[in-house]
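[1] Turn this into a model:
(one chain, ligands or ions: 1)
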Amino acid sequence: MKFFVDTAEIDAIAELNDLGMVDGVTTNPSLIKKSGRDIIEVTKEICDLVEGPVSAEVTAIDADTMIAEGRKLLEIAENITVKVPLTWDGLKACKTLSDAGHKVNVTLCFSANQALLAAKAGATFISPFIGRLDDINMDGMELIEDIRTVYDNYGFETEILAASIRTVNHILDSARIGADVITAPPAVIKSMISHPLTDKGLDAFLADIKAADIKIL
Ligand code: E4P
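    Below you'll find the model as predicted:
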């Protein structure tokens, strides 16, 4: 399973990247706003830091402008993935850009039917939003399962990029179902390491190291 980091904060990306935890990065207009940075500038910095795909989202809602914006974003670096919304115009832009050999991430996916359309339009990644479905009392994980089934039934190569991840359980459940990629905020990825028995066990070992004066160096 690939790990993408869902942020435009350079320091947070760099910290996880140094540990080999970053296979790619996703951004969106809200994350760019939160960073307080210029979209082109911050996206270039991220692309310089990370080898894998970096999703940068268009701002237009009509296909022609989305395509023009996508082409401008693609000039930033070789590892740019153009992110477009799941609308007919977004799918038109997806088809044009993917036919030209570029990576496209189709975002704001909330149904398996939408995911099917995105795959047929040549999407490299489909981004189903788990947390936002959970927020309205629907089952985000069921959507990941449905898309996995539909894509596997027909051999679609579009990668399922589980997005809007809020908890470590979203990551584990996505891995169990077989999502190709998860994108999560750095804090959620970092909290995957927490286990009270690890802390308790280490405390006991440290106490014995001290009591027996065990030294290696
Ligand atoms: C990533 O590509 C998505 O834009 C992001 O995961 C959305 O997350 P949110 O629902 O927490 O804003």
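
[2] then stretch 35-45 to CSV, C-alphas only?
    Only the C-alpha atoms of stretch 35-45 are listed here, as CSV (Å, rounded to 0.1, in the frame of the first residue of the first chain):
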residue,chain,number,x,y,z
SER,A,35,-0.4,26.8,4.2
GLY,A,36,-0.7,30.5,3.4
ARG,A,37,1.6,30.0,0.5
ASP,A,38,1.3,30.6,-3.3
ILE,A,39,0.1,27.5,-5.0
ILE,A,40,2.8,27.4,-7.6
GLU,A,41,5.6,28.1,-5.2
VAL,A,42,4.6,25.6,-2.5
THR,A,43,3.8,22.9,-5.0
LYS,A,44,7.3,23.3,-6.6
GLU,A,45,8.9,22.9,-3.2
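
[3] Any residue of it touching the ligand?
    No - if you take C-beta under 6 Å from any ligand atom as the test, stretch 35-45 misses the ligand, and the best it gets is 13.6 Å. Every residue, glycine included, has its C-beta placed from N, CA and C.

[4] how many neighbours does residue 60 have?
    Using other C-beta atoms under 10 Å, residue 60 has 17 neighbouring residues.

[5] ok, it to residue 163 distance?
    When distance is defined by C-beta to C-beta, to the nearest Å, residue 60 is 21 Å away from residue 163.

[6] So for stretch 21-29, what gets flagged as buried?
    If you call a residue buried by 16 or more other C-beta atoms under 10 Å, then stretch 21-29 has these buried ones: 22, 23, 24, 25, 26, 27, 28.

[7] got it, and stretch 54-67?
    For stretch 54-67, the neighbour count (16+ other C-beta under 10 Å) marks 54, 55, 56, 57, 58, 60, 63, 66, 67 as buried.
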